[in-house]
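Enquirer: Any chance you can model this:
(one chain, ligands or ions: 2)
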Amino acid sequence: MSEVTDFTAWTSADAASVIAVPRPEDDKYSRGVLGIRTGSDRYPGAAVLGVEAALRTGVGMVRYVGPARPSDLVLQRRPEAVTAPGRVQAWLIGSGMDADHREDAPLIAALDEGVPSVLDGGALDLVRHATSPVVLTPHFRELARLLDTDPGEVALAPASWARRASDELGATVLLKGTTTYVAGPGIALSVTGAPAWLATAGAGDALGGVLGALLATRSTDAAADEQLPARLAATAALIHGHAAARASAGGPLTILDLCAQLPSVVADLVRQ
Ligand SMILES: NC(=O)C1=CN([C@@H]2O[C@H](COP(=O)(O)OP(=O)(O)OC[C@H]3O[C@@H](n4cnc5c(N)ncnc54)[C@H](OP(=O)(O)O)[C@@H]3O)[C@@H](O)[C@H]2O)[C@@H](O)CC1
Ligand SMILES: Nc1ncnc2c1ncn2[C@@H]1O[C@H](COP(=O)(O)OP(=O)(O)O)[C@@H](O)[C@H]1O
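Expert: Ligands and ions are numbered 1, 2, ... in the order given. Model (predicted):
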């Protein structure tokens, strides 16, 4: 496939314009609750990283729903997370999910709750069950699997494949890489500038948390404006890349160090 070039570069000013800033009259529920169904006995760390990233991006509450091992680890790291069931304004599903031991019914029920969702890792194939806006966050191998094509083809023309995936699946697609491409209905955005040091395990799990928090805090708007999920997805990639640059300072980074930079990146953006 030949590569398309009509993706618009997403800027810091663009990002600042879509971040929800809490108002004096807000409480935790009016800010938005993010439900997170991620992690597994095989990949418990993905759950910890997604929760950490969401809380540090800013959200009214995180409800984490998952197996005992990742739940315990999430609570050890973040007692702020709530593991009791309840209402949410957006879902993050699939990072670190073990597809061989996945229980589909509760995931499909979550996708039918009428709130926007992020699908990542082991839940990307559930896109067809979504009844509300959904953002997929694959890397090139995952997108190739989802579309049943060769990963090399996706790597050669990522923008075109992001566009095609969005059109075919009826979803907003954020394709991760050195440039991140976001394609949604009538909208195509690109985000560059993250350091290559970001190519390290767990980076995508944190991106899911950042995006989940942004979606939960703009949930009603995202349901009403079909292009807002793409703008929020590009904003998540931009925040994530800036936090990576700060954590890296020209050298290696760990994902918890990236997460520690998220609050100051968000603060600097909304101060603009
Ligand atoms: N901390 C956590 O909990 C983390 C959890 N994570 C979670 O893990 C899940 C799976 O995510 P993923 O990106 O690994 O998925 P995927 O595209 O299927 O990759 C498999 C491909 O990679 C290749 N491959 C493997 N080893 C290779 C090697 N040494 N050198 C070269 N190639 C190698 C392998 O090729 P093969 O070995 O079969 O030839 C195969 O093609 C997902 O749910 C994610 O969220 C991650 O985010 C990490 C942090
Ligand atoms: N060479 C690179 N330069 C900049 N960013 C990168 C590079 N490679 C990967 N990334 C970013 O790192 C993250 C990797 O996510 P992912 O592939 O899902 O990793 P993991 O599954 O280990 O969490 C994405 O946000 C991607 O855009």
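
Enquirer: residues in the protein within reach of ligand 2, list them.
Expert: Within the chain, the residues that sit near ligand 2 (Cβ under 6 Å from any ligand atom) are 139, 176-178, 180, 194, 196, 198-199, 201-205, 207, 240. Glycine gets a C-beta too; all of them are placed from N, C-alpha and C.

Enquirer: Mind checking what secondary structure the closest residue to ligand 2 within the chain has?
Expert: Closest residue of the chain to ligand 2, Cβ to the nearest ligand atom: Gly204 (2.0 Å). Reducing the assignment to helix, strand or coil with DSSP: H, G, I helix; E, B strand; the rest coil, the entry for Gly204 is helix.

Enquirer: count of neighbours near the spatially closest residue to it that is not a sequence neighbour?
Expert: In this structure, Gly204 finds its nearest non-sequential neighbour in Lys176, 5.9 Å apart by Cβ to Cβ, 6 or more residues apart in numbering. Lys176 has 25 neighbouring residues, counting by other Cβ atoms under 10 Å.

Enquirer: Going by residue numbers, what spans are strands in this structure?
Expert: Assigned by DSSP state E, the chain shows strands spanning 8-9, 33-37, 61-64, 90-93, 117-119, 134-136, 172-175, 180-184, 187-191.

Enquirer: Show me which of those strands has the highest average neighbour count.
Expert: When those are scored by mean count of other Cβ atoms under 10 Å, the highest mean neighbour count falls to strand 117-119 (a mean of 32).

Enquirer: correct me, but Gly184 touches Thr172?
Expert: Yes: with contact defined as Cβ atoms under 8 Å, Gly184 reaches Thr172; the gap is 3.8 Å.

Enquirer: Between those two, which contacts overlap?
Expert: Taking Cβ atoms under 8 Å, 6 or more residues apart in numbering as the contact rule, Gly184 and Thr172 both touch 166, 229-230, 233.

Enquirer: coming back round to it: which residues touch the residue nearest to Gly204?
Expert: Taking Cβ under 8 Å, 6+ apart as the criterion, Lys176 is in contact with 137-140, 204, 207, 237.

Enquirer: cool, and His242?
Expert: Applying Cβ under 8 Å, 6+ apart, one finds that His242 lies in contact with 12, 193, 261, 265.

Enquirer: which parts of the stretch 1-150 of the chain sit against ligand 1?
Expert: On the criterion Cβ under 6 Å from any ligand atom, ligand 1 has as its neighbours in the stretch 1-150 of the chain the residues 43, 45-46, 95-97, 121-122, 141-142.

Enquirer: Just these: which are in helices?
Expert: Counting by DSSP state H, those place 45-46, 141-142 in helices.

Enquirer: Quick one: which of these is the most crowded by neighbours?
Expert: Within those, Ala46 tops the neighbour count with 28 neighbours, counted by other Cβ under 10 Å.

Enquirer: What separation do you get for the closest residue to that residue other than its chain neighbours and Met61?
Expert: Beyond its immediate neighbours in the sequence, the residue positioned closest to Ala46 (Cβ to Cβ, 6+ apart) is Gly96, lying 2.4 Å away. Distance, Gly96 to Met61, by Cβ to Cβ, to the nearest Å: 21 Å.

Enquirer: Same check on Val191?
Expert: Here the criterion is Cβ to Cβ. By it, Val191 lies 27 Å from Met61.

Enquirer: just to revisit the earlier point, now which of the contacts of His242 would you call buried?
Expert: Using 16 or more other Cβ atoms under 10 Å as the burial test, the contacts of His242 include 12, 261, 265 as buried.

Enquirer: which ones among the residues you listed are found in helices?
Expert: 12, 261, 265.

Enquirer: Can you report how many residues neighbour Ala81?
Expert: Every residue meeting other Cβ under 10 Å relative to Ala81 is counted, giving 21.

Enquirer: nope, Val59 is what I meant
Expert: For Val59, the number of neighbouring residues by other Cβ under 10 Å comes to 23.
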